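K.L.:
sharing a model prediction with you, sequence too.
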Amino acid sequence: MSDAIKHECGISLIRLLKPLEYYKEKYGTAFYGVNKMYLMMEKQHNRGQDGAGFASIKLDMEPGERYMSRVRSSQQQPIQDIFKQINDRINSAIAESPQLWNDVARQKKEIPYIGELLLGHVRYGTFGKNSIESVHPFLRQNNWMHRNLIVAGNFNMTNVDDLFGSLIQLGQHPKEMADTITVMEKIGHFLDDAVAKLYKQIKKEGFNKREASPIIAERLNVAKVLRKAAKNWDGGYAMGGLLGHGDAFLLRDPAGIRPSYYYKDDEIVVVASERPVIQTVFNVKYEEVKELDPGHAIVIKKNGAVTFDQILEPTERKACSFERIYFSRGSDKEIYQERKMLGKLVFPEILKAIDGDINNSVFSYIPNTAETSFLGMVKEAQNYLNNKKEEQILALGSDITKEQLHKILDVRPRIEKVAIKDAKLRTFITQDSSRDDLVAHVYDISYGSVKPDDNLVIIDDSIVRGTTLKKSILRMLDRLNPKKIVVVSSAPQIRYPDCYGIDMAKLEDFVAFKAALALHKDYGTTAKIEEIYHKCIEQVNSKDKDVVNYVKEFYQPFSSEQISKKIGEILSPDGIGADVDIIYQTIDNLHIACPKNLGDWYFTGNYPTPGGNRVVNRAFINFFEGKNERAY
Ligand SMILES: O=P(O)(O)OC[C@H]1O[C@H](OP(=O)(O)OP(=O)(O)O)[C@H](O)[C@@H]1O
């Protein structure tokens, strides 16, 4: 297996539709695009903190003049690092010749990075080395302007091996097997082909080589190139690209697994992985930012014409629900509501766990993402109490005294900020090797917020490996001496690998998997595990579409509650004083809360592409054979 596959996570594309002078005139600087790109990348920081890259293209340059630039970083704070490099170059050029400041034509000629077409990327690489070579955008260079290709994506392909094989069939010799290279070479191959064909045809029409160039740019059918290149891709992707002469595209996978949003007016076209990024950076309304349709590409020709082309037949929409639960920023209007709804819907289960004893329960959350679901949970606790108060007041009738009324109204859910996050980092998307240590030190608690006979209800957006709880949170919370700790996950149990761009690769990493495994041992049903293994082995050579997800049988004998209970046991550190209860969201409630993002393969094992079943099959084989390998 290739192990250079990375998780490419936040993407931004800007096309300035007017000449650079226009932005200087209107906004005071021809670096308008660069500045906006900085903000867009910074606002997608949540999607990747291990690397950042930027590329730009200047339109209509003379031969011999540089028209493409790229800068990448895998330093700490990579976004700041690349924009420091960009700004240093700009500032030193202007310091050398101050007259450049007002001369946009010279700026464009002499200063790199400034351009009409810009592509930005933030990356998280959760395993392996985090080297600069794996940071996007990737570049495929050529002396023919049209054949230069720059790509950056938020994606993961499940069938890199096959795609790689088909490049070899085409007679190519790719330099490595990473999926970004493979995908780029695929597009590159058909781009070369299309350019060569166009040139032949244009030559026939009587034009010379020099004259042919702008005609190729005009006639090049980007959608057609993408259709050929993407034909056999299996995965989740939002793939952005720039062509040397100035065309650009962003293609979204047919199931809409990975997100893409765009906005367009007469000055700019912009595409990003998240909607509020565009709203804030360009000061536009929610309704003005549109979602790109699955299976479609937005194509921006050099001449500024924008089309939305179907590249692949859309399949059933299975947009990733984990985007809503954790991955995206919660500042999106819909996502904010959805997270609150997740907190609300899980409340009845919480009430059972605390025996309805709201008076002696403290409600809190594990920062940061869970803050919004916490608000929904607390609001629902208030609703519950209001109903109770209403009953009590009505029961007392007109004889009710002021004191009685006061006592009833005084009962409120007790909310506290119990856990504090010291580092502004997302530990989930930190490389595996350094994560445990980080998680152990990243949180702290507020002392004095809980009484010894209290229940402590703490909500987190998701419990994946359980490291956050086991290595840090539970022990810390226990220092507050609560009677019982109820940990609530706003997401259902994560049971199956994600293979579409969010890093959850190995089955035995999941605490739900560990729990089911322990249950098989408790019940003496380990023979079932071997049986599943053999079923998996039998279909290793089957076509992807024929592979069945037999790993479902691994969980099938146990109820969700049984698994949650076991998770509680596994995660409770030795010597903990409080009882620990773990509550997960149900899948039905998840769908009620996030109705547009029904992609739920990590919870249900229902993969939206055939490659998913192959991945889970491989993951189970790896687990059984004790291979500490990724399944894709
Ligand atoms: O069960 P685990 O494998 O430990 O993973 C789940 C945890 O990881 C995330 O936190 P993270 O620090 O990434 O981000 P946040 O501050 O945005 O919540 C998430 O919010 C959970 O707390």
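P.N.:
Structure's in. What do you need?
K.L.:
next, count neighbours for the closest residue to Asn159 other than its chain neighbours.
P.N.:
Once flanking residues are discounted, Asn159 sits nearest to Asp234: 4.4 Å by Cβ to Cβ, 6 or more residues apart in numbering. All C-beta atoms are positioned from the backbone trio N, CA, C, and that covers glycine. Using other Cβ atoms under 10 Å, Asp234 is surrounded by 23 other residues.
K.L.:
roughly how far does Asp234 sit from Ile168?
P.N.:
Asp234 sits 18 Å away from Ile168, going by Cβ to Cβ, to the nearest Å.
K.L.:
so the residue nearest to Asn159 makes contact with Pro608?
P.N.:
No - Asp234 is beyond contact range of Pro608, at 10.0 Å (criterion: Cβ atoms under 8 Å).
K.L.:
by mean pLDDT, which helix or strand of the chain comes out lowest?
P.N.:
Of all the helices and strands that make up the chain, helix 432-442 has the lowest average by mean pLDDT, DSSP states H and E, namely a mean of 70.
K.L.:
that one packs against which elements?
P.N.:
Judged by 3 or more Cβ pairs under 8 Å, 6 or more residues apart in numbering; DSSP states H and E, helix 432-442 is in contact with helix 467.
K.L.:
what's in contact with the helix it packs on?
P.N.:
Arg435, Asp436, Val439 (Cβ atoms under 8 Å, 6 or more residues apart in numbering).
K.L.:
show the buried residues in these.
P.N.:
Arg435, Val439 (16 or more other Cβ atoms under 10 Å).
K.L.:
any weak-confidence spans in the stretch 101-250 of the chain?
P.N.:
126-129 (pLDDT under 70).
K.L.:
hmm, 50 instead?
P.N.:
127-128 (pLDDT under 50).
K.L.:
residue of it nearest the ligand, please.
P.N.:
Tyr124 (10.1 Å; Cβ to the nearest ligand atom).
K.L.:
dig out what that residue forms beta bridges with.
P.N.:
His7 (DSSP bridges).
K.L.:
farthest residue from the center of this protein?
P.N.:
Asp399 (58.0 Å; Cα atoms, centre = their mean).
K.L.:
give the contact list for that residue.
P.N.:
Taking Cβ under 8 Å, 6+ apart as the definition, Asp399 has no contacts.
K.L.:
what does the one 10 residues further on give?
P.N.:
The contact partners of Leu409, by Cβ under 8 Å, 6+ apart, come to Lys389.
K.L.:
where does it fall, phi/psi-wise?
P.N.:
phi -70, psi -20 (degrees, to the nearest 10).
K.L.:
what pLDDT does it get?
P.N.:
Leu409 is assigned a predicted lDDT (pLDDT) of 95.
K.L.:
and it, how far is that from the ligand?
P.N.:
Here the criterion is Cβ to the nearest ligand atom, to the nearest Å. By it, Leu409 lies 34 Å from the ligand.
K.L.:
now do that residue against Glu538, distance only.
P.N.:
Taking Cβ to Cβ, one finds Leu409 at 65 Å from Glu538.
K.L.:
just Arg210 next, same as before
P.N.:
61 Å.
K.L.:
more neighbours: these two, which one.
P.N.:
Glu538 (12 against 8).
K.L.:
what does the protein put close to the ligand?
P.N.:
326, 366-369, 421, 426-429, 460-468 (Cβ under 6 Å from any ligand atom).
K.L.:
just the buried members of these?
P.N.:
326, 366-367, 369, 426-429, 460-468.
K.L.:
ok, and the closest non-adjacent residue to the residue in the stretch 1-150 of the chain positioned nearest to the ligand?
P.N.:
Going by Cβ to the nearest ligand atom, the ligand is nearest to Asn46 of the stretch 1-150 of the chain, at 7.1 Å. Residue nearest to Asn46 in three dimensions, not counting chain neighbours: Arg329, with 5.2 Å by Cβ to Cβ, 6+ apart.
K.L.:
next: Asn360.
P.N.:
Closest to Asn360 by Cβ to Cβ, 6+ apart is Asp454, at 5.3 Å.
K.L.:
do the same with Asp60
P.N.:
Gly246 (7.9 Å).
K.L.:
residues contacting the spatially closest residue to Ile415 that is not a sequence neighbour?
P.N.:
Nearest residue to Ile415 in three dimensions, chain neighbours excluded: Phe363, at 5.0 Å (Cβ to Cβ, 6+ apart). Residues near Phe363 by Cβ under 8 Å, 6+ apart: Phe374, Met377, Val378, Ala381, Pro413, Arg414, Ile415, Glu416, Val457, Ile458, Ile459.
K.L.:
and what of Arg275?
P.N.:
Tyr261, Tyr286, Val289, Glu291, Asp332, Lys333 are the contacts of Arg275 under Cβ under 8 Å, 6+ apart.
K.L.:
how much space separates the second one from the ligand?
P.N.:
Pointing back at Tyr286 there. Distance, Tyr286 to the ligand, by Cβ to the nearest ligand atom: 23 Å.
K.L.:
give me the number of residues near that residue?
P.N.:
By other Cβ under 10 Å, neighbour count at Tyr286 equals 12.
K.L.:
ok, it touching Tyr263?
P.N.:
No - the pair Tyr286 / Tyr263 is not scored as a contact, 10.7 Å apart, by Cβ under 8 Å.
K.L.:
okay, and for the chain, where does confidence drop off?
P.N.:
Using pLDDT under 50, the chain drops low at 1-6, 8, 127-128.
K.L.:
can you give me phi and psi for Ile300?
P.N.:
Dihedral angles (degrees, to the nearest 10) for Ile300: phi -110, psi 110.
K.L.:
ranges for the helices of the stretch 51-200 of the chain?
P.N.:
78-96, 104-110, 160-169, 179-204 (DSSP state H, counting those that start in this stretch).
K.L.:
again with the stretch 401-550 of the chain
P.N.:
Counting by DSSP H, counting those that start in this stretch, the helices of the stretch 401-550 of the chain are 402-409, 432-442, 467, 474-478, 511-523, 526-538.
K.L.:
in the sheet, which strands lie alongside the helix or strand harbouring the residue nearest to Ile415, parallel or antiparallel?
P.N.:
Here Phe363, judged by DSSP states H and E, is contained in strand 361-365. Paired neighbours of strand 361-365 in the sheet (DSSP bridges): strand 414-415 (parallel), strand 455-460 (parallel).
K.L.:
and that strand, how far out from the chain middle?
P.N.:
28 Å (Cα atoms, centre = their mean, to the nearest Å).
K.L.:
after it, heading C-terminal, what element do we hit next?
P.N.:
As the chain continues past strand 361-365, the following element, by DSSP H and E, is helix 371-396.
K.L.:
between strand 361-365 and that next one, find me the angle.
P.N.:
160 degrees (axes from the mean of the first three to the mean of the last three Cα atoms, to 10 degrees).
K.L.:
and helix 371-396, what does it pack against?
P.N.:
helix 333-345, helix 347-353, strand 361-365, helix 402-409, strand 455-460.
K.L.:
among those, which comes closest to Glu25?
P.N.:
Among the helices and strands packed on helix 371-396, helix 333-345 comes nearest to Glu25, with 33.5 Å by Cβ to Cβ.
K.L.:
give the buried residues for that closest one.
P.N.:
Result for helix 333-345 [16+ other Cβ under 10 Å]: buried residues Glu334, Ile335, Tyr336, Glu338, Arg339, Lys340, Met341, Leu342, Gly343, Lys344, Leu345.
K.L.:
same check, this time on stretch 369-382
P.N.:
Thr369, Ala370, Glu371, Thr372, Ser373, Phe374, Leu375, Gly376, Met377, Val378, Glu380, Ala381.
K.L.:
now do stretch 152-168
P.N.:
152-160, 163-164, 166-167.
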